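>>> Sequence and predicted structure are below.
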Amino acid sequence: MNIGLVLSGGGARGVAHIGAIKALEEVGIFPTHISGTSAGAIVGGMYAAGMPWEEILHFFKTVPIFRTNNFAFSKPGFIDSEKLAAEFKVCFPDNSFESLKKPLYVTATNVETGKLRIFSSGEVIKPILASASFPGVFTPVKIKNAHYIDGGVLNNFPTEPLRKKCETLIGVYVNPLTPVKAKDIKYSYSVLKRAYDIMSASESLAKFSDCNMVISPDEIMHYGTFSMKNMDEIFELGYISTMDKLKNNIFNISRSKK
C-alpha cells in the first residue's frame with residue numbers, strides 16, 4: 001500500500017510534524033510518499049532522505065537560522081535564504097530528488113508569474129529553501145531564471161501531488177486560523193492580513209476530505225510562527241495529537257512495512 005504524508009507550512013510549528021512521524025512509526029505506519037510546503041517541505045524532505053526523526057528534530061534545534069551571518073544585504077528580506085544552503089547540504093549530500101529514499105513533492109510560488117510550482121526532480125535544496133521562504137522575512141530563491149517564495153502563499157496543504165499515487169493519505173496541518181478580537185483588526189492592513197489568513201485556511205480545510213486522517217491540534221495556535229523557544233513542547237503536541245487519533249480509532253489503515 002502506498003501511504004502519502006502531507007505536511008503543511010507553519011514556521012516553527014512545523015516541529016509538530018516530527019512528533020507526528022514518531023507516533024506513526026511507533027504503531028508501524030511508514031509513509032511511502034511525501035508532499036510538503038514551507039516547514040513541511042523541510043521536515044518532509046529530510047524524512048524522504050532517510051533521516052530518523054531524532055536527527056530531524058536535532059537539526060531544527062541546533063541550526064542557527066537567525067544568526068547575523070545569514071542576514072540579507074541588498075535583497076528583499078531579512079534572512080538570505082540561499083545562505084542556508086550549506087546547512088542543508090549535510091542532510092542532502094547528493095542534492096537531488098532522485099537520490100531520496102521516498103518520492104518527495106515540494107511546492108513553491110513563482111513570485112514573478114504568481115503561479116504555483118511543484119518540484120519533484122532535479123536539485124532538491126533550493127526548492128526546499130524556496131518553499132520555506134516566508135515573504136518579507138526570507139529572500140526569494142533563484143532557481144534557473146525564476147525567483148520563488150513560500151509555497152504556502154498559494155497552497156499550504158498540498159494533497160494534489162499524492163491523490164492518484166497513494167491509496168491512503170495522512171495529513172498534518174499546523175497552521176490553524178487563530179481567533180481574533182475586533183480591537184485587533186481596526187487598521188486597514190490588519191483587515192487585509194486577516195482576509196488573507198481566512199482565505200488560506202479555507203482552502204486548506206477544504207482539502208481535509210482528501211485525507212483518511214488529519215492531525216491538526218488546536219493547541220498549536222498558542223505558539224508563534226517564528227518562536228524557536230518551545231520546540232520540545234510543539235514536538236510533544238504533534239506526537240500526542242497523532243497518538244490520540246490512532247488510539248481513538250478515528251481512522252482505519254493497514255500497517256505498511258518500512
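Looks like it arrived, so ask away. Just so it is clear, the structure is predicted and the values come from calculations on it, not from any experiment. Numbers count the residues shown, from 1 in each chain.

>>> Contact partners for Cys166?
If a contact means Cβ atoms under 8 Å, 6 or more residues apart in numbering, then Cys166 has Asn2, Ile3, Gly4, Thr32, His33 as its contacts. C-beta coordinates here come from the backbone N, C-alpha and C atoms, glycine included.

>>> That one belongs to a strand?
No - following the definition DSSP: H, G, I helix; E, B strand; the rest coil, Cys166 is coil and is not counted among the residues of a strand.

>>> need the strands for the stretch 51-200 of the chain, in chain order.
Across the stretch 51-200 of the chain, reading from the start of the chain, the strands by DSSP state E, counting those that start in this stretch fall at 104-110, 116-119, 141-143, 146-150, 168-172.

>>> Alpha carbons only: can I get the longest one in PDB?
Put plainly, it is strand 104-110. What follows is the C-alpha trace of strand 104-110 in PDB, where atoms were taken according to Å, rounded to 0.1, in the frame of the first residue of the first chain:
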ATOM      1  CA  LEU A 104       9.000  13.900  -2.500                       C
ATOM      2  CA  TYR A 105       6.900  16.800  -3.800                       C
ATOM      3  CA  VAL A 106       7.600  20.400  -2.700                       C
ATOM      4  CA  THR A 107       5.600  23.500  -3.500                       C
ATOM      5  CA  ALA A 108       6.900  27.000  -4.100                       C
ATOM      6  CA  THR A 109       5.400  30.200  -5.500                       C
ATOM      7  CA  ASN A 110       6.900  31.900  -8.500                       C
END
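
>>> In a markdown table: the contacts of Cys166, plus distance to Glu167, pLDDT and neighbour count.
Rendered in a markdown table, the data for the contacts of Cys166 read as follows (distance: Cβ to Cβ, whole Å; pLDDT from 0 to 100; neighbours: other Cβ atoms under 10 Å):
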| residue | distance to Glu167 | pLDDT | neighbour count |
| --- | --- | --- | --- |
| Asn2 | 6 | 96 | 14 |
| Ile3 | 7 | 97 | 21 |
| Gly4 | 9 | 98 | 25 |
| Thr32 | 10 | 98 | 21 |
| His33 | 11 | 98 | 20 |
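
>>> and the residue nearest to Lys165 when sequence neighbours are not counted, what does it touch?
Closest residue to Lys165 apart from its sequence neighbours, by Cβ to Cβ, 6 or more residues apart in numbering: His33 at 5.7 Å. Applying Cβ under 8 Å, 6+ apart, we find His33 in contact with Asn2, Ile3, Gly4, Leu5, Lys102, Pro103, Leu104, Tyr105, Leu162, Lys165, Cys166.

>>> The residue most central in space within the chain: which element?
Closest to where the C-alpha atoms of the chain average out (Cα atoms, centre = their mean) is Gly40, at 1.5 Å. When secondary structure is defined by DSSP states H and E, Gly40 falls within helix 39-48.

>>> Next, report how far that helix is displaced from the centre of its chain.
Centroid separation between helix 39-48 and its chain, computed with Cα atoms, centre = their mean, to the nearest Å, is 7 Å.

>>> For Gly14, which of the strands of the stretch 51-200 of the chain is the nearest?
With respect to Gly14, and counting by Cβ to Cβ, the nearest of these is strand 168-172 at 8.9 Å.

>>> Can you list the helices and strands that that closest one packs against?
The elements that strand 168-172 packs onto, with contact taken as 3 or more Cβ pairs under 8 Å, 6 or more residues apart in numbering; DSSP states H and E, are strand 3-7, helix 15-26, strand 213-215.

>>> Is Glu203 in contact with Pro158, as I believe?
No - between Glu203 and Pro158 there is no contact, the gap being 10.9 Å when judged by Cβ atoms under 8 Å.

>>> These two: which has the busier surroundings?
For Glu203 and Pro158, the more surrounded residue by other Cβ atoms under 10 Å is Pro158, and the numbers stand at 29 against 13.

>>> what does the worst-scoring helix or strand of the chain on mean pLDDT rub up against?
None of the helices or strands of the chain scores lower by mean pLDDT, DSSP states H and E than helix 188-205, at a mean of 79. Residues from elsewhere that reach helix 188-205 (Cβ under 8 Å, 6+ apart): 8, 152, 155-157, 173, 175-178, 180, 184-185.
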